[in-house]
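Student: this is a predicted model, with the sequence first.
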Number of protein chains: 2
Amino acid sequence: MTGNTLDPYSDRYAHRTHGLAVSEIRALFAVANRPEVVSLAGGMPYTAALPLDAVGSMLGELVARNGATVLQYCAGQGDVRLRELICEVMAEEAITGASSDDVVITVGSQQALDLISRIFLDPGDVVLAEGPSYVGALGTFAAAEAEVVHVPLDSDGLVPAALEAALEALRAAGRQAKFLYTVPNFHNPAGVTLAVERRAQIVELCERYDVLIIEDNPYGLLGFDGQTRPALKSLAPERVVYLGSFSKTFASGVRVGWAYAPSAIRDKLVLLSESQILCPPMLSQLAVAEYLSTQPWREQVKTFRELYRERRDALLDGLDALMPPGCTWTKPDGGFYVWLTLPEGLDAKVMQPRGIAERVAYVPGIGFYADGSGQREMRLSYCFPTPDRIREGVRRLAGVVEQELELRATFLSTEPAAAKVRWPRGSAPGPELA
Amino acid sequence: MTGNTLDPYSDRYAHRTHGLAVSEIRALFAVANRPEVVSLAGGMPYTAALPLDAVGSMLGELVARNGATVLQYCAGQGDVRLRELICEVMAEEAITGASSDDVVITVGSQQALDLISRIFLDPGDVVLAEGPSYVGALGTFAAAEAEVVHVPLDSDGLVPAALEAALEALRAAGRQAKFLYTVPNFHNPAGVTLAVERRAQIVELCERYDVLIIEDNPYGLLGFDGQTRPALKSLAPERVVYLGSFSKTFASGVRVGWAYAPSAIRDKLVLLSESQILCPPMLSQLAVAEYLSTQPWREQVKTFRELYRERRDALLDGLDALMPPGCTWTKPDGGFYVWLTLPEGLDAKVMQPRGIAERVAYVPGIGFYADGSGQREMRLSYCFPTPDRIREGVRRLAGVVEQELELRATFLSTEPAAAKVRWPRGSAPGPELA
């Protein structure tokens, strides 16, 4: 799509435009959405679990009663009543005493990520991010022509020693990261959560190396034990820009997110958002404000948690029962995602067409890295399909992986022993398969 | 707000961020919105004229019936049914045979302007735009660090000879404009409309000098004679990116606009919009699609036209009756705005605090130019206040202008004849006032 010599406008684009590329996820959606395919690919919340009649009545009454305001422009920072309610929502994760003055409403937290990228990133600037990381964040960093340095995760989230090593390596190279981008809770795509005892360590490292933190927290209220963990923002308010969203706790179709930022950064966010969209949609904002004020939203979050826990269980049980040896995966305590690693020698991207042929979709791991790694990895989402469909999806996926392993074993055994086998993207066959 | 040495983050921002500035309009809103002030400043549509009960019922039913989709993510390009309906709307202005494939839904046409700026503009690039021009467009061009070259308007809109001179001057300087940005119908802020016979001339010039056209048309259906004029897009489809909006024909609070672009540019728009917001709000999109499908939207546009015509008449009649000699203003045939020029020697920005003290607000002209001109000019909006309030506002404004003229006459008569009077921003006193 880019660099196409048939594009008659190609000599007119800005420099940055030539780097625009289709994400791995987007290219997949057309096929993944066919009804016969079990999609473990998308991150769509299960909006059918909302009380649609009640939300419909609420909206109808809101417009009939207050439509001239609901259907009007508003200030670029967003509706003040909603910003006050957001402060109450953030208090659930230990952010107390927040001022609505420092909250900026955005079109999903994606817009906040884009604003942050534009405010801070010049071409060539360094961003630290978990490896893997949220594909939409990587997209905004790429659009800003920044360089992403990945920091490894383990089952307790971002690894402090690895972060310190990355910070030290940058310092040794005379470079400074503009910020650390992190998803502490129920990570997308990795499914892991930053251990509470690591949170102070991460913040301390960022203080010591004077690096801002962008804390992206769309899933924090979706912990299956019903507990929340303290936000990094609560530990170092002036060091952290906190991003929240109603996409997973209420409805993604309203596109309401927010940034809660130190005042000087908030000023920039407001100015740039006005330049980008004038103001966020009042219809969406007042729908959320009304929902938070008049509907039992905490009970609905509980309903979502229980629904997603049942689906997570269906996925993990299926993986335990069916996946061939050599596969490993994370065990999420909340959120939407499991991160699966294939046996050595397999490539999730290469395997993808066979998956689609067998009517199961996932997202190959390489889309979640800026550096081309993640070939053996894939993201599995359990948020949208029913448990039965999830079990069927895992059955199909396990079959595909088994076929790939058999094919590979056959291929290896018929190759002349001395021949150098070339695997795509440098992922050499592992010794256990030789 | 920018360059503040108290900003602890000031050494971290991207280069472009240091140029972010508060618009003339934004700085004004806090005071202009006080109830005792007659605001001729804002461009807010009169949403109270919508059938709010009917729109409320429609929305309530839409969510109750189809909520799981209404409250869900969608494709980045926007809902296909809405895109098809938009093609019908564009047919009202001679754009026939449009394909919904080439329509991209945006968060108001402001987002489309931002996307266009990011796709095409490198720092230092040249944009041609009317002088004055829409302040929100100038904001996106400034955020992209582009240079705006203004082309004069007259009562028939953009002047072809002036455009040719600007194109020729750029060519002589070895430069090429990335695009011409134009609002052909009921211009914001100038209130004038591009004469039909000029449209082919403008397009021909842009063909000859190989310059793209960004045609921004939020007001085209709001002509007071009920007639529409052919869009530039209809004259040269591959030369023009057309921007539309429902903010003035339905509701600004849904933030639904669109770009209708040549396919290669559409691809870039979709990719960049996904990076910026993932997708536009489904709630807003399906609200508009349902409104267009089930409500008498053309009759509602007629209602708006008649309402705004009555207010335009109130404003023009008031100006005719009350404004002191030396003031001139445009006579809009549609849309929201009158552009007024003060007598020589007055400065609309300098006069603004006196206007607020007398409880009338307008927008000083300099915000609508990228080059600091427009000191004697101001934008007067008649879209939101009732006719009685408009008449009262004009009475107050006329009083303020008269006081300024008297003050100035007194000041001049008491100055030593030989003294060089320094007027702000180089606007010398005119001979008729000496």
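Tutor: Good, I have the coordinates.

Student: and the stretch 201-350 of chain A, which residues reach chain B?
Tutor: A:212, A:238, A:247, A:250-255, A:262, A:264-265, A:267-268, A:271-272, A:274-284, A:287 (C-beta under 8 Å from any C-beta of the partner chain). Any C-beta I mention is one placed from the backbone N, CA and C, and that applies to glycine too.

Student: tell me the pLDDT at the spatially closest residue to A:Tyr260 that is not a sequence neighbour?
Tutor: Nearest non-adjacent residue to A:Tyr260, counting by C-beta to C-beta, 6 or more residues apart in numbering or on different chains: A:Tyr242, 4.4 Å away. pLDDT for A:Tyr242: 98.

Student: let me know the helix or strand that A:Lys178 is in.
Tutor: Element membership of A:Lys178, judged by DSSP states H and E, is strand A:177-182.

Student: roughly how far apart are A:Glu92 and A:Thr249?
Tutor: According to C-beta to C-beta, to the nearest Å, A:Glu92 stands 10 Å off from A:Thr249.

Student: again, but for A:Thr330
Tutor: According to C-beta to C-beta, A:Thr330 and A:Thr249 sit 22 Å apart.

Student: how about A:Ala142?
Tutor: According to C-beta to C-beta, A:Ala142 stands 28 Å off from A:Thr249.

Student: the more surrounded of these two?
Tutor: The residue with more neighbours, out of A:Ala142 and A:Thr249, is A:Thr249; 23 against 19, by other C-beta atoms under 10 Å in any protein chain shown.

Student: would that one count as being in a helix?
Tutor: Yes - counting by DSSP: H, G, I helix; E, B strand; the rest coil, A:Thr249 is found in a helix.

Student: give me the buried subset of the residues of the stretch 201-350 of chain A next to chain B.
Tutor: Among these, those that count as buried by neighbour count (16 or more other C-beta atoms under 10 Å in any protein chain shown) are A:212, A:247, A:250-255, A:262, A:264-265, A:267-268, A:271-272, A:274-284, A:287.

Student: just those residues: which are in strands?
Tutor: The strands, defined by DSSP state E, take in A:Leu212 from these.

Student: now, which of the buried ones among the residues of the stretch 201-350 of chain A next to chain B lie within helices?
Tutor: Among these, DSSP state H puts A:264-265, A:267-268, A:271-272, A:274-277, A:282-284, A:287 in helices.

Student: one step back: what residues are shared contacts of A:Glu92 and A:Thr249?
Tutor: Listed as contacting both A:Glu92 and A:Thr249 by C-beta atoms under 8 Å, 6 or more residues apart in numbering or on different chains are A:Leu221.

Student: can you get me the start-to-end distance on stretch A:255-271?
Tutor: One end of stretch A:255-271 sits 20 Å from the other (C-alpha to C-alpha, to the nearest Å).

Student: element containing the closest residue to chain B within chain A, please.
Tutor: Closest residue of chain A to chain B, C-beta to the nearest C-beta: A:Gly60 (2.5 Å). A:Gly60 is part of helix A:52-70, with elements assigned from DSSP H and E.

Student: which strands or helices does the following helix or strand past that helix pack on?
Tutor: Per DSSP H and E, the first helix or strand lying C-terminal to helix A:52-70 is helix A:80-91. Helix A:80-91 sits against strand A:103-106, strand A:240-245, strand A:257-260, helix A:282-294, with contacts defined as 3 or more C-beta pairs under 8 Å, 6 or more residues apart in numbering or on different chains; DSSP states H and E.

Student: describe which strands the third one pairs with in its sheet and in which direction.
Tutor: When pairing is defined by DSSP bridges, strand A:257-260 lines up against strand A:103-106 (antiparallel), strand A:240-245 (antiparallel).

Student: need the ones you listed in CSV with mean neighbour count, can you?
Tutor: As requested, the strands paired with strand A:257-260 are arranged in CSV below (neighbours: other C-beta atoms under 10 Å in any protein chain shown):
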stretch, mean neighbour count
strand A:103-106, 28
strand A:240-245, 26
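
Student: report the beta-bridge partners for A:Thr341.
Tutor: Applying DSSP bridges, one finds that A:Thr341 bridges with A:Thr328, A:Glu377.

Student: export the ones in helices among the buried ones among the residues of the stretch 201-350 of chain A next to chain B as TSV, with columns for pLDDT.
Tutor: Shown next, in TSV, are these (pLDDT from 0 to 100):
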residue	pLDDT
A:Ala264	96
A:Ile265	97
A:Asp267	95
A:Lys268	96
A:Leu271	95
A:Leu272	96
A:Glu274	95
A:Ser275	94
A:Gln276	97
A:Ile277	97
A:Met282	98
A:Leu283	98
A:Ser284	98
A:Ala287	98
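
Student: list the contacts for A:Phe250?
Tutor: Residues counted as contacts of A:Phe250 (C-beta under 8 Å, 6+ apart) are A:50, A:256, A:288, A:291, A:297, A:300, B:71.

Student: what's the closest of the residues you listed to B:Pro324?
Tutor: The nearest member of these to B:Pro324, counting by C-beta to C-beta, is A:Val256 at 48.7 Å.

Student: I figured that closest one hits A:Val288, correct?
Tutor: Yes - in this structure A:Val256 lies within contact range of A:Val288 using C-beta atoms under 8 Å: 5.0 Å.

Student: name the helices or strands packed onto the helix or strand encompassing A:Glu299?
Tutor: A:Glu299 is located in helix A:297-322, with elements delineated by DSSP H and E. Counting contacts by 3+ C-beta pairs under 8 Å, 6+ apart, helix A:297-322 is packed against strand A:337-341, helix A:387-414.

Student: okay, angle between that helix and helix A:80-91 too, please.
Tutor: Interaxial angle of helix A:297-322 relative to helix A:80-91 (axes from the mean of the first three to the mean of the last three C-alpha atoms, to 10 degrees): 50 degrees.

Student: go through helix A:297-322 and flag the buried ones.
Tutor: Neighbour-count burial for helix A:297-322 flags A:297, A:300-301, A:304-305, A:307-309, A:311-312, A:314-316, A:318-319, A:322 (criterion: 16+ other C-beta under 10 Å).

Student: what average pLDDT does that helix get?
Tutor: Averaged over helix A:297-322, pLDDT sits at 98.

Student: now do that helix: distance to the chain's middle.
Tutor: Mean C-alpha position of helix A:297-322 versus that of the full chain (C-alpha atoms, centre = their mean, to the nearest Å) differs by 18 Å.

Student: also stretch A:49-63?
Tutor: Centre-to-centre, stretch A:49-63 and its host chain are 28 Å apart (C-alpha atoms, centre = their mean).

Student: who touches that stretch?
Tutor: A:70-71, A:250-251, A:283, A:286-287, A:290-291, A:294-295, A:300, A:303-304, A:307, B:52, B:55-57, B:59-65, B:67-68, B:71.

Student: hmm, back to that, residues near the residue of chain A closest to chain B, how many?
Tutor: A:Gly60: 21 surrounding residues under other C-beta under 10 Å.

Student: what does A:Pro35 give?
Tutor: A:Pro35: 7 surrounding residues under other C-beta under 10 Å.

Student: so it sits in a strand?
Tutor: No - counting by three-state DSSP, A:Pro35 is located in no strand; its state is coil.

Student: what residues go with each domain of chain A?
Tutor: Domains of chain A are assigned by automatic domain parsing as A:15-49+A:300-411, A:69-295.

Student: so the top strand by length along chain A, near chain B or not?
Tutor: For chain A, the strand with the greatest residue count under DSSP E is strand A:147-154. No - on the criterion C-beta under 8 Å from any C-beta, strand A:147-154 is out of touch with chain B, staying 13.9 Å away.

Student: pLDDT (mean, whole number) over that strand?
Tutor: Mean predicted confidence for strand A:147-154 is 98.

Student: for it, list the C-alpha coordinates in PDB.
Tutor: Backbone C-alpha positions of strand A:147-154 (Å, rounded to 0.1, in the frame of the first residue of the first chain) are rendered in PDB as follows:
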ATOM      1  CA  GLU A 147      12.700   4.000  17.700                       C
ATOM      2  CA  VAL A 148      11.200   1.500  20.200                       C
ATOM      3  CA  VAL A 149      13.600  -0.400  22.500                       C
ATOM      4  CA  HIS A 150      11.800  -3.400  23.900                       C
ATOM      5  CA  VAL A 151      12.200  -4.500  27.500                       C
ATOM      6  CA  PRO A 152      11.300  -8.200  28.400                       C
ATOM      7  CA  LEU A 153       8.300  -9.300  30.400                       C
ATOM      8  CA  ASP A 154       8.000 -12.400  32.500                       C
END
